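**Q** need coordinates for the below:
(chains A and B)
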Amino acid sequence: QKEVEQNSGPLSVPEGAIASLNCTYSDRGSQSFFWYRQYSGKSPELIMFIYSNGDKEDGRFTAQLNKASQYVSLLIRDSQPSDSATYLCAVSGGSQGNLIFGKGTKLSVKP
Amino acid sequence: DGGITQSPKYLFRKEGQNVTLSCEQNLNHDAMYWYRQDPGQGLRLIYYSQIVNDFQKGDIAEGYSVSREKKESFPLTVTSAQKNPTAFYLCASSIALTLAGAYGYTFGSGTRLTVV
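**A** Okay, here's the model as predicted:
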């Protein structure tokens, strides 16, 4: 059974700090990695994707991938209260060609 | 604007009743998916379809049925055989099943189903 593991949190950070969200995956053959943000009661929204080892930056968000360690992370710089949400990690490689989702990490940014 | 429309936003089901959740997309995507989300459980795949008139069971298909008569539409029926249907249901699409890993999914806004 292919799995994606995330710490459920809640992760609490003060406004302006860096939030670090982590995800590990079991399938060494996975090629694509996605981060979705989900506000309470809403549907997931894609915020970052990464395919290659290393860092990928987009505004305040940085995705980091280490395939050797089967580890992907999301850094949010200058965290804002509006970043408070659950962040879902998704990995390619489901048996039906689908994405495999972690259970999500709840982030709370305190003003 | 292209997107996925799910309706209704909220749905209440009586015991023993079948209900149908609507999902329509105008993204010209071939693949469509239904997920169920329960608190603390993450997203669980119910059914998926990679092309019109074809669909496959996901991990938790029991008590659910789908159809794919049009590329744009992928309705989900929650039957009376589903004993614990209260959940948040999400419809998603991708360009193609084999490309889901390249481009990810686009999600609809979800339907919250409650048994009364």
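**Q** can you list the weak-confidence ranges in chain A?
**A** Residue ranges of chain A with pLDDT under 70: A:95-96.
**Q** what do you get if the cut-off is 80, keeping everything else the same?
**A** Low-confidence segments of chain A (pLDDT under 80): A:1, A:93-97.
**Q** quick check: bridge partners of B:Pro57?
**A** Actually, residue B:57 is Lys rather than Pro. B:Tyr47 (DSSP bridges).
**Q** isn't it up against B:Tyr33?
**A** No. In this structure, B:Lys57 is not within contact of B:Tyr33 by Cβ atoms under 8 Å, at 11.9 Å. In this view, the C-beta of every residue, glycine as well, is placed from N, C-alpha and C.
**Q** quick one: which of the two has more around it?
**A** Shown here are B:Lys57 and B:Tyr33; by other Cβ atoms under 10 Å in any protein chain shown, B:Tyr33 has more neighbours (27 against 14).
**Q** now the more buried one: how far from chain A?
**A** 7 Å (Cβ to the nearest Cβ, to the nearest Å).
**Q** show me the contacts for that residue.
**A** A:Asn98, B:Leu45, B:Tyr47, B:Tyr48, B:Ser49, B:Gly58, B:Cys91, B:Ala92, B:Ser93, B:Ser94, B:Tyr105 (Cβ atoms under 8 Å, 6 or more residues apart in numbering or on different chains).
**Q** count of neighbours near the last one?
**A** The reference is to B:Tyr105. 26.
**Q** for it, report the pLDDT, please.
**A** B:Tyr105 is assigned 92 on the pLDDT scale.
**Q** what's the helix or strand for the nearest residue to it once chain neighbours are set aside?
**A** Nearest residue to B:Tyr105, sequence neighbours excluded (Cβ to Cβ, 6 or more residues apart in numbering or on different chains): B:Ala92, at 4.0 Å. Per DSSP states H and E: B:Ala92 is located in strand B:87-94.
**Q** now the strands for the chain?
**A** Let's take chain A. A:4-5, A:11-14, A:19-25, A:33-38, A:45-50, A:54-58, A:61-66, A:71-76, A:85-92, A:99-101, A:105-110 (DSSP state E).
**Q** try chain B instead
**A** Here chain B has its strands, by DSSP E, at B:4-7, B:10-13, B:19-25, B:31-38, B:42-51, B:54-57, B:64-66, B:76-78, B:87-94, B:106-107, B:111-115.
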